[in-house]
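Asker: Here is my input, please return the structure:
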Amino acid sequence: MSDPATPPRSLAEALRARDDASLAVLLRSRPDLITPVPTDLTQLATRAGTRASVVRALERLDRLALQTAEALAVAADPATYDELLALMAGDEGDPAVVAALPHALGTLREQALVWGADDRLRLVRTARELLAPSPQHPSPTGLGPTVQEAAAGMSPGRIQEILTTAGLPSTHDAVSAVSSLSALFGDRRRMTALLADAPEESREVLSRLVWGPPYGQVTADPAPRLRWLLDRGLLLPTAPGTVVLPREVALHLRAGRAHRTTEPLPPPVEAAATHRPQVVDAAAAGQAYTALATVEELLKDWHEGGPAVLRAGGLSVRDLKRTAVALDVSEPVAAFWVELAYAAGLLASDGEADERYAATPAYDEWLEQPAAQRWALLAQAWLTATRTAGVVGGRDAKDRTLSALGPGLDRSAAPEVRHRVLTLLAGLPEGTSPSAESVLARLRWERPLRGPQRDDDLRGRLAQWTLGEAEMLGVTGRGALSAHGRALLGARQPGPAAEEQPAGPGDKLPVHHRPAPPLEPLSPTEQSTASAAAARLLAPLLPEPLDHVLLQADLTAVAPGPLRRPLADMLGVLADVESKGGATVYRFTPGSVRRALDAGRTASDLHAFLAEHSRTPVPQPLAYLIDDVARKHGHLRVGAASAYVRCDDDAMLNEILADKRAAGLRLRRLAPTVLATVADPAALLEGLRAMGFAPAAESAEGDVLITRADAHRTPPRTAPEPVPDGPPTPDATLLAAAIRAIRAGDLASTAPRKPSATAPTVTGGDLPRTTSAETLATMQAAVLTGEALWIGYVNAEGAASQRVIAPVRVEGGFVTAYDHTADEVRTYPLHRITGVAELADDQI
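Answerer: As a prediction, the model looks like this:
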């Protein structure tokens, strides 16, 4: 452990001075640092400075923290807190920035992007390289290089000429000349006096460059307004024909600000409309019921085997259009429902040679659950899914069209964006719907590096899709978060007690202006609890299933609400859905009645069913329709020849042969009561039905085949796993174990060793090397004295490590010792120990 009074000289030393709680905050916010667990704090610091890890950490900063890092990148290295404050708040000292800056700087320190005390603040080198200005990568601040950097290629004579023109005394060398010029540009009073003499045209040139980009083009013979600036070093040449505005000059013109607009506070989420909470919950419950009905209708439509799977995977554009027509929705909405069913594990490919999509066995289990629980399963699947229906129809990196249910639809940021949008809605008063623009502005402030300049603003599009999908699913009603939607968030929604707790350095900020804390994923148990709570709140709002319909004389039936499962299933076979809404209208047709007869029902069964479930008498036209279709049903029999038709009434067969519409069937008479064709039985059945007949299929034994529409299911399938956005956030147990291992490894690598005659130059970075006899003798002596030893060890896989052990017993070629690195008693083969060294007396 380093001395707290000594300023750290590196990031590793700064990490070594942290306590375990501070290390836990770092590892929780940057989980990639412990994947895998580093051996010591030096390795942790090295990993924290790698480009990939720093980029990931910068992408998760809010706008103020990122602007603070950008300001440090253009400040001196190291910089003081006052210098940083001047760059952020300007000469006038913006009070909001003054209040918010400690919190932003604390965030950068917590995430090991900044280290050092307030008098020596250092941005990690990789972050400085990423954020500092350069001709190839302009700084987001719009600032250019310093005078020292810009004048590096200038001749000493030219620098002296600039000093003389600027009214400064000459110096003996270029270094002091550059320092003198930098001091002039950093002095507000002298710079004001210098610019007061500038021509108006020259000041106009400076005003165009001051907020960036700081580079400009000049000719070999610059205009007088440019020559005045060049002679005084207010513009410095960087390449032939290119000049730059020095950073010190720009900061003077900006009144000390590194950014044109510093944003210390997140933009508030503005209310677009306010409704009574009861109205919101009722509207959301209506949408939840519609969502359940839509998913059921989708999978019922695919009962016999849905669309074919494309060779590359997914649903074809034609099949998506057909699905949209069947559901009476647009194609993007149809893609959402298809993807939702897939994410919930209710839909999958059947894996057959002629692969098609169909319902899974889980769908049948889902149908048996209460409506509220079915909705909770869909909502939880949507909330955690990384598959994003909104990108369907777009193009992937290889310019291939993205298909519904196909590959390439995973967007790892989707769950986090959905959770954040709903949490923002939960922060509004109940019944308040936000404006979409304010939600997008808030998300852009919270993750600016994932904004419009990255991935075509994927985060913004995800937020817009979330607002629409939440409304369709019934999580929100009239744009406001419902009560069951709040329950669905579970522990993600901060409670009042959490809001009243201090927020560290940013306590001065209002609660609703503090940056969002990192999202902690719910455990499976917490997800189950949240889903159950949401289902309990939703259940009283859903309509009770009915056991009756209203039959009408125009061959229709009206279901005034949701129907019980057996009634809905039977009515779906016996009639066609004509319209949907608050009430569903079914229409009876000859084809629908024949479908019921094909499913094994008789005319008397249908009459009894309607009489039992109708609140009105069975209309005479409907009774006649059933009897008429039943009388004709099965009079013709179709079997396989390729196919044949048989009928006891040869006059009916003559009528079929004489009909011109039968020409395509290529029928020929085999006997007075039998016709044969090369068409398959299914095509023959369809052809005869199109001609107005009611044939029935029969088996090879002559029995009527009963066809059922709900026979096809896939083998058991699991729902698709979400694709995580980087390593998962470690839990408390893993954090504690990782920190203990890092501390122990750091102790083993940094603990001072006693000088040894045989190995006097052993350092913490090298494994100790001793002979077998010396190793054995030192181990045996340590057993007697109880001293701790530093050893080098090579395991069976050849991986070398350093360990601090306290030997307990040495026998049979093994040493049993308490391993301080692993914090447990272990046994090591002596032949795998490379060497041993004694620790200093004040260690362990």
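Asker: quick one, strands of the stretch 701-844 of the chain?
Answerer: For the stretch 701-844 of the chain, strands defined by DSSP state E, counting those that start in this stretch occupy the ranges 789-794, 800-811, 814-819, 824-829, 833-838.
Asker: Check the stretch 501-650 of the chain too.
Answerer: Using DSSP E, counting those that start in this stretch, strands in the stretch 501-650 of the chain cover 550-552, 556-559, 576-579, 584-587, 637-639, 643-646.
Asker: just the strands in the stretch 351-500 of the chain please.
Answerer: 357-359, 432-434, 476-477, 480-481.
Asker: And the third one, how far out from the chain middle?
Answerer: Computed by CA atoms, centre = their mean, to the nearest Å, the chain-centroid distance of strand 476-477 equals 22 Å.
Asker: circling back: will you turn the strands of the stretch 351-500 of the chain into CSV that also has distance to Gly116 and mean neighbour count?
Answerer: All C-beta spots, glycine's among them, are computed from the backbone N, C-alpha and C. Listed next are the strands of the stretch 351-500 of the chain as CSV, based on distance: least, CB to CB, whole Å; neighbours: other CB atoms under 10 Å:
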stretch, distance to Gly116, mean neighbour count
strand 357-359, 58, 25
strand 432-434, 40, 22
strand 476-477, 46, 27
strand 480-481, 43, 30
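Asker: looking at the strands of the stretch 501-650 of the chain, which has the lowest confidence?
Answerer: For the strands of the stretch 501-650 of the chain, the bottom mean pLDDT is recorded on strand 637-639, which sits at a mean of 64.
Asker: can you tell me which residues contact the most centrally placed residue in the chain?
Answerer: For the chain, Ala413 is the residue whose C-alpha lies nearest the centre (CA atoms, centre = their mean; 1.7 Å). Contacts for Ala413 (CB atoms under 8 Å, 6 or more residues apart in numbering) come out as 450, 458-459, 462, 725.
Asker: Helices - which of these land there?
Answerer: In this view, the contacts of Ala413 that belong to helices under DSSP state H are 458-459, 462.
Asker: so where's the chain shaky on pLDDT?
Answerer: Scanning the chain for pLDDT under 70 picks out 1-5, 450-456, 491-521, 635-641, 700-711, 748, 751-766, 821, 840-844.
Asker: Next secondary structure after the lengthiest helix in the chain?
Answerer: Taking DSSP H as the criterion, the chain has its longest helix at helix 277-301. Going down the chain from helix 277-301, the next helix or strand is helix 317-327, by DSSP states H and E.
Asker: by how many degrees do that next one and helix 277-301 diverge?
Answerer: Between helix 317-327 and helix 277-301, the angle comes out at 120 degrees (axes from the mean of the first three to the mean of the last three CA atoms, to 10 degrees).
Asker: Now helix 317-327: buried residues?
Answerer: For helix 317-327, a neighbour-count test (16 or more other CB atoms under 10 Å) marks 319-320, 322-324, 327 as buried.
Asker: Could you report the distance from the nearest residue to Arg769 once chain neighbours are set aside to Pro768?
Answerer: Counting by CB to CB, 6 or more residues apart in numbering, Gly835 is the residue found nearest to Arg769 once chain neighbours are left out, at 4.2 Å. Using CB to CB, to the nearest Å, one gets 3 Å for the distance from Gly835 to Pro768.
Asker: cool, and Gly474?
Answerer: Counting by CB to CB, the separation of Gly474 from Pro768 is 66 Å.
Asker: Which one of the two is surrounded by more residues?
Answerer: For Gly474 versus Pro768, neighbours defined as other CB atoms under 10 Å are more numerous around Gly474 (27 against 23).
Asker: From what I see, the more buried one and Ser482 are in contact.
Answerer: Yes. Contact criterion CB atoms under 8 Å: Gly474 and Ser482 qualify, at 7.3 Å.
Asker: and for these two, which residues touch both?
Answerer: 284-285.
Asker: measure Asp598 to Leu61 for me?
Answerer: Between Asp598 and Leu61 the distance is 64 Å, computed by CB to CB.
Asker: ugh, wrong one, Phe185
Answerer: 30 Å.
Asker: same question, Gly157
Answerer: With CB to CB as the criterion, Gly157 and Leu61 are 45 Å apart.
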